[in-house]
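J.: Can you look at this prediction? I've put the sequence above it.
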Amino acid sequence: MKFHTGSEPWNHAAALYVRMNVFVLERTIAMEDEFDDNDESDRVYVVAYSDDGQPVATGRFQTVDDTTMRPGRIATLKEYRGQHLGAQIIKALEEYGLAHGYTKSVIHSEMTAKGFYERQGYQVSSEPYEEDGVPAITLTKTLS
């Protein structure tokens, strides 16, 4: 498995491919909700590529403010789940953030993924709410 962090058009396309399969086709989230104004052409994504070069997992990097980053749209194709790729995507996004001066990470998580993020060191920092029609919660982590 190879991980790439960047905003190249081919990496952007790979990230959107994974998200289309996971969120739109599998989870039936509306395309207009999944693909939003934050998917700019210079957006940084981490993508995991299989040994044969196929994109299999992804995550999106966003800036909240000068010290806070927001990983998002973490997704792994169904046949690659259980290999801890999501955790590796989060770690790569956090490493990118640290390298660029960010000290805090904030995640808007579906309630069903709350435990996953807690295992990555995130702590609940909000009451539950609805985002894109799905129950969600905000979690935060200090980066070091």
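T.: Structure's in. What do you need? Numbers count the residues shown, from 1 in each chain.
J.: Name the residue most distant from the centre of this structure?
T.: Asp52 (22.4 Å; Cα atoms, centre = their mean).
J.: Quick check: which element contains the closest residue to Asp39 other than its chain neighbours?
T.: For Asp39, ignoring the flanking residues on the chain, the nearest one in space by Cβ to Cβ, 6 or more residues apart in numbering is Leu16 at 7.1 Å. Any C-beta I mention is one placed from the backbone N, CA and C, and that applies to glycine too. Assigned by DSSP states H and E, Leu16 belongs to helix 9-19.
J.: Outside of that helix itself, which residues are in contact with it?
T.: For helix 9-19, the surrounding residues in contact (Cβ atoms under 8 Å, 6 or more residues apart in numbering) are 4, 34-35, 39, 41, 43, 45, 47, 49, 55-58, 60, 73, 75-77.
J.: and that helix, which residues are buried?
T.: Residues 11-12, 14-19 are the ones in helix 9-19 that count as buried (16 or more other Cβ atoms under 10 Å).
J.: what distance separates that helix from the centre of its chain?
T.: 12 Å (Cα atoms, centre = their mean, to the nearest Å).
J.: Following element in sequence after the longest helix anywhere in the chain, please.
T.: As assigned by DSSP state H, the longest helix anywhere in the chain is helix 85-99. Following helix 85-99 in sequence order, the next helix or strand is strand 104-110 (DSSP H and E).
J.: how about the helices in the chain?
T.: With DSSP H as the criterion, the chain has helices spanning 9-19, 31-34, 85-99, 114-119.
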